[in-house]
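> Structure for the following, please:
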Amino acid sequence: MKLTKLRSHWQSLCYGYSASLAESLLFFLAFITISAPAWADPPPGTGVRLDEYGDRFEQRRWRYNNNNPKLENQHSDSGSGLTNNIRNQNNPLGRSANGRWIEGTVRGQPDIVRRVRRPIGGLRRSRYALRLQTRNSGTPGVTEGTLQQDDLLNQANGNLFANRPLGKGLSVTTRIYLPKLSKWEDRNGCHLGFRVSASGHKANGDLLDYWPGIWICFNNGGEGKDHFRFSVRANNEGNDVWATEKTYTRVGWWTLGMSFNADGSISYYASPGVDDLTAEDLLVFRTDSGSAPATYKPYGIEFDNLDFVFFSLANIDGQWSTEFVIDDLSVYEIR
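You can find the predicted model right below:
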């Protein structure tokens, strides 16, 4: 059985699932015969933390300068196909005073990028975290009422093209605070992406850039319970897939991570709370016929280099997105 393809490339890059797509993915995963799992390399957080990446938001004078107006970006399908029309290049871009964060260069930054007191239950050593929320994510007067996205990028030493080589292994981790489910934007689909910009190669030698990651997707439950799920971008064929069959209602702090393995694959992890990730936190889709761990070579690409880490906020342009708080973004290297 062949996986149903996602929407066009740009839609796959930006947004979540339609109900029909989610159903097709569930049907596929529920009935295929899954081979024995190829378990991942060491979990995210293994090795030495790289000082040039990440942020803990503890600097005394930490601030983000929006440099508004932000970049305007249009993603819409008016019947003639999806367009990517950057109407306002917005120089200078928004950026943090410490040089670690910069406005998304394709879509613009969230409307709210603000350091706040860490919500209860976070890391003990942490006093501050970063609030992210957006409303006007598209192009004023053009895309209101459509699904849009803003990005906030974490760069290495002020360089978006760091080309950090895989070496013996790299990984990224972060803590994300999820609000009560009643406070989420009232929309089924993906709300927050934890992602990287990377480069790699295919079996035929082609060199490519790609943007894999973990999406947190919400379902308002209808007559059932509100819940969320994790999807990953992407499997070997380039399709977004559910990382696990499980649905979740536990909010508050979660720890997410990705390991970039020695064979060029990527493994996706998530765990409630703020404890360090372990091998048991690898996301796995289990059925009666077997287990499919969330370890893939997205689009058939083997990972070579890491450029930057970023967060994507999706919303209906003109209404407030879900408010998320992030903390302790880190990149690790195995030596």
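> excluding its backbone neighbours, what's nearest residue 270?
Leaving aside its chain neighbours, residue 270 sits nearest to residue 256 (5.1 Å; criterion: C-beta to C-beta, 6 or more residues apart in numbering). For glycine as for every other residue, the C-beta is placed from the backbone atoms N, C-alpha and C.
> Report all helices and strands that the helix or strand the one you found falls within contacts.
Per DSSP states H and E: residue 256 is located in strand 252-260. Applying 3 or more C-beta pairs under 8 Å, 6 or more residues apart in numbering; DSSP states H and E, one finds that strand 252-260 contacts strand 170-178, strand 189-201, strand 213-219, strand 266-272.
> I figured residue 56 was touching residue 126, is that so?
Yes. In this structure, residue 56 is within contact of residue 126 by C-beta atoms under 8 Å, at 6.6 Å.
> Overlap of the contact sets of these two?
327-328 (C-beta atoms under 8 Å, 6 or more residues apart in numbering).
> all strands for the stretch 51-200 of the chain, in order.
64-65, 72-77, 82-88, 95-96, 101-103, 112-117, 128-133, 147-154, 164-165, 170-178, 189-201 (DSSP state E, counting those that start in this stretch).
> Which of those strands comes out lowest on mean pLDDT?
When those are ranked by mean pLDDT, strand 82-88 comes last with a mean of 54.
> In the chain, where's the longest strand?
When the chain is parsed with DSSP state E, its longest strand is strand 302-316.
> relative to strand 213-219, how tilted is that one?
30 degrees (axes from the mean of the first three to the mean of the last three C-alpha atoms, to 10 degrees).
> Next, the angle from strand 302-316 to strand 266-272.
Using the same axes, to 10 degrees: strand 302-316 against strand 266-272 is 50 degrees.
> helices or strands next to strand 302-316 in the packing?
strand 128-133, strand 147-154, strand 164-165, strand 170-178, strand 189-201, strand 324-333.
> With distance to residue 52 and mean neighbour count as extra columns, can I get those in TSV?
Listed next are the helices and strands packed on strand 302-316 as TSV, based on distance: least, C-beta to C-beta, whole Å; neighbours: other C-beta atoms under 10 Å:
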stretch	distance to residue 52	mean neighbour count
strand 128-133	18	21
strand 147-154	10	25
strand 164-165	9	16
strand 170-178	13	24
strand 189-201	15	22
strand 324-333	8	22
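> Include distance to residue 241 when you put these into a markdown table, please.
What follows is the helices and strands packed on strand 302-316, written out as a markdown table (distance: least, C-beta to C-beta, whole Å):
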| stretch | distance to residue 241 |
| --- | --- |
| strand 128-133 | 25 |
| strand 147-154 | 20 |
| strand 164-165 | 27 |
| strand 170-178 | 20 |
| strand 189-201 | 13 |
| strand 324-333 | 22 |
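> so which of these gets nearest residue 294?
In terms of C-beta to C-beta, the element of those nearest to residue 294 is strand 189-201, at 13.3 Å.
> Now do that closest one: which elements does it pack against?
Secondary elements touching strand 189-201 (3+ C-beta pairs under 8 Å, 6+ apart): strand 170-178, strand 207-210, strand 213-219, strand 227-233, strand 252-260, strand 302-316.
> Mind checking those for the one nearest to residue 290?
Across those, closest to residue 290 is strand 227-233 (C-beta to C-beta), at 18.0 Å.
> Noted, bye for now.
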